[in-house]
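**Q** give the three-dimensional model of this entry:
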Amino acid sequence: MARRRILTAAAAAAAVLLITTGCSTANTGGTASDGEPVKGGTLKVLANGDVDHLDPQLVAYVPVYSFMRAMSRSLLSYEASDDADKRIQLQPDLATAVPEPSADGLKYSITLRDGVTWGAPDGARAIVASDVERGFKRLCNPLISGALSGYFVDLIDGMSAFCADFSKVAPEVGPMKEFIEGNDIAGIATPDDKTIEFTLTKPASDFPFMLSLDAADPAPIEALDYLPDSPEYRKAFVSSGPYRVKEYSPDAKFVLERNDAWDAKSDPLRKAYVDGIEMTMGVEGDAAMQQLQAGSADVLFDLAPSPANITQLKAANDKKFSTMTNGGVDQFMWINTKSPNNDGALTDLKVRQALQYAMDKTAVVQTMGGKDLAGVTNGIFGPGVLGYEEYDPYPANDGKGDPEKAKQLLAEAGFPDGITLKMPYRNVGTQPDIAQTVQASLKKAGITIELTPVPPTDYYANFMTNVENATTGKWDVALVGWSPDWQGGAARSVFQPQFVFTGTPQAYNYVDYNSDKANDLAAQALAASTAEESGRLWHQVDEAVMADSPIVSIAYRLKPNYHSERVAGFTPYAQSQNGDWTNLWLTK
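**A** Okay, here's the model as predicted:
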């Protein structure tokens, strides 16, 4: 299946420039063969696991964004679309328009739409500016801080001080409610019920994109009556979207029904055709696919077609199967410059460059399912991120590798007979096959890879993030993946967590990599006044990092989706990497 090459620098710039118009034309989704949209019915969803959070301020797990789309409206969001460029163009949701920065780049003003409401216990109630402010205050509560709160805490003026004071409050309902209602964040002003004014500590051209995160959603006053994301909070969830909680049984069932307080005229992004959404949990992948194909269920939550499923679906030319990009790099190989092995050989740039040339990326792509499901990458950004460009800093036979060039570099570095490196891998899914493919690829260049399986639940949490494992040489190279936390202008969420070291170790910068040149370019990109300039600078960040060769970028993976025969209008929503449940409809 041919796939579009998405978001070159020019396309990315155009995507971001379009957001400044403040216009939004929601796509009903689907194709002409789907027929006219119809209302009614219950969408049946299958899941293996439960939602990790239902509290918008805490949500960071991609599948949960499907539920947030249905229940919690954001200031800004994205339109579901089959067009890969269009679906990462920022659109106003609760806001009347996508905000533009002040002349100094430090201020943004949001105006709320008319008719936006909470489905409050005592009936529909207008969403007001103080609700938006309350949402930001909840981000750093002392009980359980939001996983994405760090993007805002140091960026919004006064939020760092607010959060520092909040951390001293007892993590109980009463004290937390009193603190939130009695203290303000200096950089968030609400001059009237319709207006929110943000003041930043430094220019951030990606700030509007950050406002598309559910972490930045408004919070109703009722949210303060419960501990964040507690069972009581979930049961009493106050919805701003077209659906509300009807029933929730942890690890078993989650049911949504229509929210009567939602006004369709106020919502340019959601049509809400189905009457309800019902998710059944505890289902395994193959069983889920069988149910979808039999028509007893409709869509998937945290599941996806297996490689074997995909082979069958493509052979049958099944139109209910589709793929989409997510902006991430699914496979790249960290090079451990802290390892004492081989007398610290990996601190030598030539050795790291040898790994670049030795890698047969096309073989890895084939192991991942071939060109219809994956593609070669050469930098830190994946397709769909502003700053991504198709370039190759270490050209090696169109991604097939250049073993002779790698051998030459190793010899120049003092390893004419090759080198032996330790590589852990996640013992799950296709990861063992990918690890063995990398092993075979590097062997051609005289690089021997000693593989060590690690349980998937331990790989990141206990192995890779353990600093001692790096400094004692328990690993030399390791395969990891990364996806941006939002869409479009998301380069910050790729670069900062992984490639910036300020003296305090970060969990996912495994070797404390840092580049003053890249940091300076990133600061310029964030201060850029146009999307074109920002994209150009972010690409230079990519080039600066890859010149140091801290990683070998290998491949991105397309997200596969599948739905039942009765689902029509299945169009991808970028945040959830799934079809948009609020815009599809059921034909029977």
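**Q** tell me how this protein divides into domains.
**A** With domains defined by automatic domain parsing, the chain comprises 34-292+562-586, 329-557.
**Q** how near is residue 350 to residue 53?
**A** Residue 350 is 46 Å from residue 53, where distance means C-beta to C-beta, to the nearest Å. Yep, even glycine has a C-beta here, placed from its N, CA and C like the rest.
**Q** need the strands for the stretch 1-150 of the chain, in chain order.
**A** Under the criterion DSSP state E, counting those that start in this stretch, strands of the stretch 1-150 of the chain are mapped to 42-46, 76-78, 90-92, 107-111, 117-120, 123-126.
**Q** out of these, nearest to residue 300?
**A** Closest to residue 300 of the strands of the stretch 1-150 of the chain, according to C-beta to C-beta: strand 42-46, at 5.7 Å.
**Q** shouldn't residue 338 be in contact with residue 470?
**A** Yes. With contacts counted by C-beta atoms under 8 Å, residue 338 reaches residue 470, the gap being 4.6 Å.
**Q** reformat the strands of the stretch 1-150 of the chain as CSV; add mean neighbour count, mean pLDDT and distance to residue 570.
**A** As requested, the strands of the stretch 1-150 of the chain are exported to CSV (neighbours: other C-beta atoms under 10 Å; pLDDT from 0 to 100; distance: least, C-beta to C-beta, whole Å):
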stretch, mean neighbour count, mean pLDDT, distance to residue 570
strand 42-46, 23, 99, 11
strand 76-78, 26, 98, 16
strand 90-92, 25, 98, 20
strand 107-111, 18, 98, 31
strand 117-120, 20, 98, 26
strand 123-126, 14, 98, 30
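**Q** which among the ones you listed is found nearest to residue 542?
**A** For residue 542, the closest of the strands of the stretch 1-150 of the chain is strand 90-92, at 21.8 Å, according to C-beta to C-beta.
**Q** helices and strands around that closest one, which ones?
**A** helix 9-19, strand 76-78 (3 or more C-beta pairs under 8 Å, 6 or more residues apart in numbering; DSSP states H and E).
**Q** direction included, what does that strand pair up with?
**A** strand 76-78 (antiparallel) (DSSP bridges).
**Q** identify the residues contacting the partner strand?
**A** Strand 76-78 has contacts (C-beta atoms under 8 Å, 6 or more residues apart in numbering) with 69, 87-93, 95, 98, 208-209, 211-212, 269, 487-488, 573-575.
**Q** next one: stretch 248-257
**A** In contact with stretch 248-257 (C-beta under 8 Å, 6+ apart) are residues 49-51, 54, 67, 70-71, 231, 234-235, 243-247, 275-282.
**Q** for the stretch 51-200 of the chain, what spans make up the helices?
**A** 65-71, 129-138, 150-153, 159-166, 173-182 (DSSP state H, counting those that start in this stretch).
**Q** put the alpha carbons of stretch 444-458 into CSV.
**A** What follows is stretch 444-458, C-alpha atoms only, in CSV (Å, rounded to 0.1, in the frame of the first residue of the first chain):
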residue,chain,number,x,y,z
LYS,A,444,28.7,-7.7,8.8
ALA,A,445,30.8,-4.7,10.0
GLY,A,446,32.7,-6.7,12.6
ILE,A,447,30.6,-5.5,15.5
THR,A,448,29.5,-8.4,17.7
ILE,A,449,26.3,-7.8,19.7
GLU,A,450,25.7,-9.8,22.9
LEU,A,451,21.9,-9.8,23.4
THR,A,452,20.3,-9.8,26.9
PRO,A,453,16.5,-10.2,27.2
VAL,A,454,14.8,-7.9,29.7
PRO,A,455,11.1,-8.3,30.8
PRO,A,456,9.1,-5.5,29.1
THR,A,457,7.8,-4.2,32.4
ASP,A,458,11.4,-3.7,33.7
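**Q** tell me which residues of that stretch are tucked away?
**A** 445-447, 449, 454 (16 or more other C-beta atoms under 10 Å).
**Q** same deal with stretch 358-375?
**A** For stretch 358-375, the neighbour count (16+ other C-beta under 10 Å) marks 358-365, 367-370, 373-375 as buried.
**Q** centre of the chain versus it, how much separation?
**A** Stretch 358-375 sits 22 Å away from the centroid of its parent chain (C-alpha atoms, centre = their mean, to the nearest Å).
**Q** and stretch 377-396, by the same measure?
**A** 18 Å.
**Q** can you check stretch 536-554 too?
**A** Computed by C-alpha atoms, centre = their mean, the chain-centroid distance of stretch 536-554 equals 20 Å.
**Q** which is the next helix or strand following the longest helix belonging to the chain?
**A** In the chain, with assignment by DSSP state H, the single longest helix is helix 531-548. The element immediately downstream of helix 531-548 (helix or strand, assigned by DSSP states H and E) is strand 551-557.
**Q** what is the helix or strand just after that following strand packed up against?
**A** On the C-terminal side of strand 551-557, the closest following helix or strand by DSSP H and E is strand 559-562. Contacts defined by 3+ C-beta pairs under 8 Å, 6+ apart place strand 559-562 against helix 307-315, strand 321-324, strand 578-579.
**Q** save these as CSV, and put in mean pLDDT too.
**A** As requested, these are exported to CSV (pLDDT from 0 to 100):
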stretch, mean pLDDT
helix 307-315, 91
strand 321-324, 96
strand 578-579, 98
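**Q** that older thread, could you dump the domains of the chain to a markdown table with distance to residue 306?
**A** Below are the domains of the chain laid out as a markdown table (distance: least, C-beta to C-beta, whole Å):
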| stretch | distance to residue 306 |
| --- | --- |
| domain 34-292+562-586 | 6 |
| domain 329-557 | 9 |
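**Q** closest to residue 308 out of those?
**A** domain 34-292+562-586 (8.5 Å).
**Q** quick one: end-to-end length of the closest one, please.
**A** 10 Å (C-alpha to C-alpha, to the nearest Å).
**Q** then stretch 376-394?
**A** Rule used - C-alpha to C-alpha; the end-to-end distance of stretch 376-394 is 13 Å.
**Q** comparing residue 350 and residue 53, which residue is more hemmed in?
**A** Remark: of residue 350 and residue 53, residue 53 carries more neighbours, 22 against 17, as counted by other C-beta atoms under 10 Å.
**Q** quick one, what contacts the more buried one?
**A** Residue 53 neighbours (C-beta under 8 Å, 6+ apart): 59-61, 64, 229.
**Q** got it, and residue 500?
**A** So residue 500 contacts 506, 509, 514, 519, 522 (C-beta under 8 Å, 6+ apart).
**Q** which non-adjacent residue is nearest the fourth one?
**A** Nearest non-adjacent residue to residue 519, counting by C-beta to C-beta, 6 or more residues apart in numbering: residue 500, 6.3 Å away.
**Q** which of the helices of the stretch 51-200 of the chain has the lowest mean pLDDT?
**A** The minimum mean pLDDT among the helices of the stretch 51-200 of the chain belongs to helix 150-153 (a mean of 94).
**Q** who's in contact with it?
**A** Residues from elsewhere that reach helix 150-153 (C-beta under 8 Å, 6+ apart): 136, 139-140, 159-160, 163, 210, 213, 215-216, 485, 492-493.
**Q** if we take the residues you listed, which one ends up nearest to residue 119?
**A** residue 216 (19.9 Å).
**Q** residues touching that closest one, list them.
**A** Counting by C-beta under 8 Å, 6+ apart, residue 216 has contacts 74-75, 135-136, 152, 210.
**Q** would you map the strands across the stretch 351-500 of the chain?
**A** 374-376, 419-426, 447-454, 477-482.
**Q** how about the stretch 151-300 of the chain?
**A** 188-192, 195-199, 243-249, 253-258, 276-280, 299-300.
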